[in-house]
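In: sequence unknown, structure follows:
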């Protein structure tokens, strides 16, 4: 039985950076070669980054992607890596993009994979199953492939597949069994959601059983606008055994030796007669010559084993996702630093701690913006946070500006409350313009959902690290991060007082969140059912929630829809963030309570 | 040859307002009956409004739509209108919504049409072609229908189709020919785009030829977030003759008598043997009994003719679209009034004129917000505009607030320029909170595209009537509106001085747009090619644009992408507004100039 040393390159490409991404492929292929790899795998849309959205419609971009792929093949050969087969994702097109009603059927852009060898593109595969739900819009952008690409290499038949192909039964994996392959490669740009790793392994196992073949699953890592890719690359044997698994949220080279069945003798066979599952037709290619011997040094000696990373706690997973999402948004967009307002409360404290973990204290500016309603403990807690995290701390009192507005206009009630938040927004944006920082927004998902925030006030900012984090989870994250610091002998970043005190916007005397909102322990489960679960009023009441509270909360959510449209991007961690996978009409008279 | 009197009800439903929309159907059916109609047609998704986006995933909403349809059938009968067949669009579902990878194939929500008669739902049809480009995302929401519904009524075989079914060849219209129908009904929620009416008639003619049948095309009107539906309902004979055509942007009852072929004798025929185009199967239903005689009074006497409306000039069409889009956003969201800043410049003047046309002067508040850089003519032009339009005019000088910020912070350059715009934003939002107005944003599409605006400054607002209007078109609209006023003997609303003077942001001494931007006559064609046309650098240079200017403009557009994500909704009039049909990654390193 042949043995192949696989190298799964769990790397972090940047959207649009064709040159930089190609360089990543060359660097990691060299590393893989150094580990004696015989087949090197990179993620979905590796060359372009993922998702490229409407860049698909730019002919110049598609042409550049195809040219970059050909150049990459030549460069790998020039690097002396030409004998090593490399699979990379890229953007292809065999016709004009499909942008209108009268598009030519079957022609358009392709979410594609290529196998590179000896300076050439030996094989290509076009993604068959296109996801078009949640954060995915691939039916807008791509035409589905109708071929199963099988490459004979090192005596083994290897099928190429891409991401969603794995999540649906009956497609390329069923076809792979019919074509008799020994290994299915599945390259991914699979975004993180809380506990998605718990779903992923069972699905890979089901497809391994369906294909009757080993599966090499490689996923990217990194942040891209509101998405964060988590890695979690793995190899699963045909019998469902998990052979190797990479960690989440970090770049990783997973090298592992797998025993694979030899492909049957196909001498004299020129055509596959049968149509495969879902009408797929098989295209067979071969990598000529012998693969490099797996003789290079590996950390595990002559037999390479990638090891199996154990899952971590939810809070650890979410924290890492938020840190990576923020870091990549800042760095990939080339912001030098970030600035945020520090109220002394839990939300801004957690955002500051995330920012310092992502960027270091010297790239984070925290500004205390006290008013006449700011309590003494708020100012002290903000200063304490700054000391614990080492961020650049400033104080900008807002009262002179607030007073000038009030002296020149006749304002009362909510207008005065919001004015204070907006003066803070103006100050943060002025610092951003003056010094180049990205402004971070610090509203949690619970308060965004019910509209408990000020448009153009505390909602100001280019990125909100906790926009998809319910308030109760903000507290859990704070406690987890402090405990983690203590476990490792460091300083807990978040003041205990910020965790323990009752939440308040401090925009009017003695104001508390609980004056306007149900307790977050009551509020969050209703919001989760309504927003993440699409439960209606009846479904929520049947789940045991108080009907009067449900009515109040639903009305708040429905009428706050407009504010949410103004919210900054931020890392998505749950089923529905307030972003492109939650799409509701602003103009909408539907009310659950009639 | 049978003759049918058709009534096409070009009405304005509201998304989510099941009760109000059902009431519209009853009211207009009564009007149609009064005109002696024998078949009454309402638009796509009439009962729910269109598009309902993620409301599709709310089981409670789907159930309410189906219940509303059944109630409507009963109510029409109770109104004494039960003998009159009525076609309405609604939301149906024959299984759980398709929201994930493991959805059950073929089950999910349906974009549906029903024929109501004698208190019953006699026939239903599920939309076959689902658009998933531009502003459409129907592959996310709906499962395509695979049946062609044919109803025998008044001796004529009538096929039901919905919107996109008309825009693609080879589907239900080809099947309709195979099924031998005499009339194809096509109900629509077809959004306006500049000159789309010029495309629509040829497409209807092509489908009439394909089906070999008369087509009754009915479209809704009204604003829905960034969409505006234009009407333009029409009847086209099998030979391509335009028989009747309704005006754009207004509710209209189009009643017209058409001669139609009698359906063949189908006695003894119980099953249609053949599979039709695209695998569609035919389902036949019948409206029992005789139709009401077409004896009611019509404006045209015993033979009803709906007349043919001639197309209007582009400027008139755009102006009507912007007025209707704004009016419906304000009224359907129940805002009492709007407020906007008046700079004396052309953009705010045009927005004010649109707002007054939409809402009346008493629902529009215009605020002059002068600074030390505001010229005398700016203040005078703002006051002149107010007098001409009769809006509620106020003056709120910003200098005291600007000075207080400057005294408390160390700001220079762009930070000081933006500060002034943001103080204006705070004042407008304070007026909004205090008095309940919706804030209108006044940035044109050219300046939004290149980022020549202040985030949280002049970009503040809940709706931007000209967000999709290039600057050169803003001028054309102003001239057209003034000329139209003169033609009708009224007061031209826009001061000539606002039209004629060179544009300036007036945020620093002597500042002009031309200090930072190419002339708009040069800029706009490049922007249109790049943004609406997806042309790359080479394509633009090949079109004859100066390469250095192209590079400068493309760089400005690419780096302004983030600002656009913060822009308010506004009516869409061209191929790509900065909204949900222009989807580009924020984090994106692709540059056309390398």
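Out: Great, that's in hand. Predicted model only: the values in this text are computed from it and were never measured.

In: what about residue A:90, which SS state?
Out: Taking DSSP: H, G, I helix; E, B strand; the rest coil as the rule, one finds residue A:90 in the strand state.

In: That one against residue A:67, yeah?
Out: No - Residue A:90 is beyond contact range of residue A:67, at 10.4 Å (criterion: CB atoms under 8 Å). Placement of C-beta: from N, CA and C, glycine included.

In: who has more neighbours, these two?
Out: Neighbours per residue, other CB atoms under 10 Å in any protein chain shown: of residue A:90 and residue A:67, the larger number sits with residue A:90, 26 against 11.

In: Tell me how many other residues crowd the nearest residue to that one once chain neighbours are set aside.
Out: Closest residue to residue A:90 apart from its sequence neighbours, by CB to CB, 6 or more residues apart in numbering or on different chains: residue A:47 at 4.2 Å. Using other CB under 10 Å, residue A:47 has 26 other residues around it.

In: what residues are up against residue A:47?
Out: Neighbouring residues of residue A:47 by CB atoms under 8 Å, 6 or more residues apart in numbering or on different chains: A:13, A:18, A:21-22, A:25, A:65, A:68-69, A:72, A:88-91.

In: which one of these sits closest to residue B:417?
Out: For the contacts of residue A:47, the minimum distance to residue B:417 (CB to CB) is 35.7 Å, reached by residue A:18.

In: Okay, that closest one and residue A:25: tell me how far apart.
Out: Distance, residue A:18 to residue A:25, using CB to CB, to the nearest Å: 11 Å.

In: I'd like the contacts of residue A:47 as CSV, with pLDDT appended.
Out: Putting the contacts of residue A:47 into CSV (pLDDT from 0 to 100) gives the following:
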residue, pLDDT
A:13, 97
A:18, 96
A:21, 97
A:22, 98
A:25, 98
A:65, 95
A:68, 97
A:69, 98
A:72, 98
A:88, 98
A:89, 98
A:90, 98
A:91, 97
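
In: out of those, which one sits closest to residue A:215?
Out: So of those, ranked by how close each gets to residue A:215 (CB to CB), first place is residue A:89, at 16.5 Å.

In: per-domain residue ranges of chain A.
Out: For chain A, automatic domain parsing gives the domain ranges A:3-96+A:107-286, A:314-565.

In: model confidence over the last one, on average?
Out: Just to be clear, that refers to domain A:314-565. Averaged across domain A:314-565, pLDDT comes to 95.

In: how far is it from where the chain is centred?
Out: Averaging C-alpha positions (CA atoms, centre = their mean, to the nearest Å) puts domain A:314-565 21 Å from its chain's average.

In: Next, count neighbours for residue A:164.
Out: Counted with other CB under 10 Å, residue A:164 comes out at 24.

In: cool, residue A:80 as well?
Out: 10.

In: so how far is chain B from it?
Out: Distance from residue A:80 to chain B, counting by CB to the nearest CB, to the nearest Å: 28 Å.

In: in a strand, that's where that residue is, yeah?
Out: No - read with three-state DSSP, residue A:80 is coil and lies in no strand.

In: was I right about residue A:171 contacting residue A:129?
Out: Yes - proximity of residue A:171 to residue A:129 meets the contact threshold set by CB under 8 Å, at 5.4 Å.

In: Which of the helices or strands spans residue A:32?
Out: Secondary structure assigned from DSSP states H and E places residue A:32 in helix A:18-34.

In: Who are the packing partners of that helix?
Out: When contacts are defined as 3 or more CB pairs under 8 Å, 6 or more residues apart in numbering or on different chains; DSSP states H and E, helix A:18-34 sits against strand A:3-10, strand A:39-41, helix A:59-78, strand A:86-93, strand A:252-259.

In: For the following helix or strand past the last one, buried residues please.
Out: As assigned by DSSP H and E, the chain's next helix or strand after strand A:252-259 is strand A:281-286. Residues A:282-285 are the ones in strand A:281-286 that count as buried (16 or more other CB atoms under 10 Å in any protein chain shown).

In: need the contact list for residue A:158.
Out: Residue A:158 neighbours (CB under 8 Å, 6+ apart): A:39, A:150-152, A:181-185.

In: Contact residues of the stretch 451-594 of chain A facing chain B?
Out: Residues of the stretch 451-594 of chain A lying near chain B by CB under 8 Å from any CB of the partner chain: A:455-456, A:460, A:462, A:534, A:536-539, A:562, A:565-566, A:568-569, A:580, A:582-592.

In: what is in contact with residue A:171 and residue A:129 at once?
Out: With contacts taken as CB under 8 Å, 6+ apart, the residues that reach both residue A:171 and residue A:129 are residue A:165.

In: Farthest-apart pair in the contacts of residue A:47, please.
Out: Maximum pairwise distance among the contacts of residue A:47 (CB to CB): 14.6 Å, between A:25 and A:91.

In: in chain A, which helix has the most residues?
Out: The residue-count maximum for a helix in chain A (DSSP state H) belongs to helix A:414-435.

In: okay, the angle between it and helix B:414-435?
Out: Between helix A:414-435 and helix B:414-435, the angle comes out at 170 degrees (axes from the mean of the first three to the mean of the last three CA atoms, to 10 degrees).

In: quick check, helix A:414-435 touching chain B?
Out: Yes - if you take CB under 8 Å from any CB as the test, helix A:414-435 does meet chain B, through A:414-415, A:418-419, A:422-423, A:425-427, A:429-431, A:433-434.

In: Buried ones among those?
Out: By 16+ other CB under 10 Å, the residues of helix A:414-435 next to chain B give A:415, A:418-419, A:422-423, A:425-427, A:429-431, A:433-434 as buried.

In: where does the stretch 101-250 of chain A have low pLDDT?
Out: Where the stretch 101-250 of chain A drops to pLDDT under 70, the residues are A:101-107.

In: For residue A:37, which non-adjacent residue is spatially closest?
Out: Using CB to CB, 6+ apart, the closest residue to residue A:37 is residue A:7 (3.5 Å).

In: and the one you found, how far is that from chain B?
Out: Distance, residue A:7 to chain B, using CB to the nearest CB: 26 Å.

In: Could you count how many residues lie near that residue?
Out: Neighbourhood size, residue A:7 [other CB under 10 Å]: 29.

In: Hmm, residue A:258 and it touching each other?
Out: No - contact criterion CB under 8 Å: residue A:7 and residue A:258 do not qualify, at 11.5 Å.

In: residue closest to the middle of chain A?
Out: residue A:228 (1.6 Å; CA atoms, centre = their mean).

In: quick one, the helix or strand encompassing residue A:177 and strand A:281-286 angle?
Out: Here residue A:177 sits within helix A:172-179, counting by DSSP H and E. Helix A:172-179 and strand A:281-286 are oriented at 70 degrees to each other (the same axes, to 10 degrees).

In: Pull the distance from helix A:172-179 to the chain's centre.
Out: Between the centre of helix A:172-179 and the centre of its host chain there is 29 Å, according to CA atoms, centre = their mean.

In: Could you name the helices and strands sitting against that helix?
Out: Under the contact definition 3+ CB pairs under 8 Å, 6+ apart, helix A:172-179 sits against strand A:147-153, strand A:156-162, strand A:183-188, helix A:196-211.

In: can you pull the contacts of the nearest residue in space to residue A:191 that is not next to it in sequence?
Out: Setting aside the residues directly before and after it, residue A:191 is nearest to residue A:227 in space (CB to CB, 6+ apart), at 4.4 Å. Listed by CB under 8 Å, 6+ apart, the contact set of residue A:227 reads A:51, A:135, A:191-192, A:325, A:571-572.

In: Nearest to chain B, out of these: which one, please.
Out: Chain B lies nearest to residue A:51 out of those, by CB to the nearest CB, at 7.0 Å.

In: roughly how far apart are that closest one and residue B:407?
Out: Residue A:51 is 47 Å from residue B:407, where distance means CB to CB.

In: for residue A:539, same thing?
Out: Distance of residue A:539 to residue B:407, computed by CB to CB: 55 Å.
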